[in-house]
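>>> build me a structure from this.
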Amino acid sequence: MKKEPEFNNNRVCEKRILAIKDTMEILSGKWKFHILGTLMLGDKLRFMDLVREVDGIGSKMLSKELQDLEMNHLIVRTVLNTKPVTVEYQITEHGKTLSSVIDEIAKWGIDYREKFHKKTEQIDLPD
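Numbering: from 1, shown residues only. Prediction:
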């Protein structure tokens, strides 16, 4: 009789599942990928620039999401010595490691819309 593999006892599988869980917790929510994608394209952006760029997000939610991203070392917040005080946000080097993930999600989303929604305009993404 052939024995079925025991996936739950496999350390590699457990490590992989834990890593996926951690990643999903860090990047969960409606806005984090949009914020990261915007910062990757915009270098340093001020809070109000992000409010304008991330369509549909409110100031309170943006503030919370930015705090989460900063806590997880994906963005850096810089307070400038200006009057009134100006705050800029920039993606960190560690945050930039998500670039290929965000690009693949964007490509998948464009493909999905073209196949099932027929609502996209022709967009060329960088390779």
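
>>> contacts and neighbour counts: CA atoms only from here.
Noted.

>>> what comes up buried for stretch 28-36?
Within stretch 28-36, the residues that qualify as buried are 31-33, 35-36, counting by 16 or more other C-alpha atoms under 10 Å.

>>> next, count neighbours for Gly56.
By other C-alpha atoms under 10 Å, the residues close to Gly56 number 9.

>>> from Asp43, how far out is it?
Separation of Gly56 from Asp43 (C-alpha to C-alpha, to the nearest Å) stands at 21 Å.

>>> cool, and Asp55?
Look at Asp55 and Asp43: by C-alpha to C-alpha, they are 18 Å apart.

>>> and if you look at Thr82?
Taking C-alpha to C-alpha, one finds Thr82 at 20 Å from Asp43.

>>> of these two, give the one with the bigger neighbour count.
Comparing Thr82 with Asp43 by other C-alpha under 10 Å, the one with more neighbours is Asp43, at 11 against 8.

>>> my guess is the more buried one meets Gln90, correct?
Yes. Checked against C-alpha atoms under 8 Å, the pair Asp43 and Gln90 is within contact range at 6.0 Å.

>>> hang on, Ile75 packs against Asp68?
No. Counting by C-alpha under 8 Å, Ile75 does not reach Asp68; the two are 9.2 Å apart.
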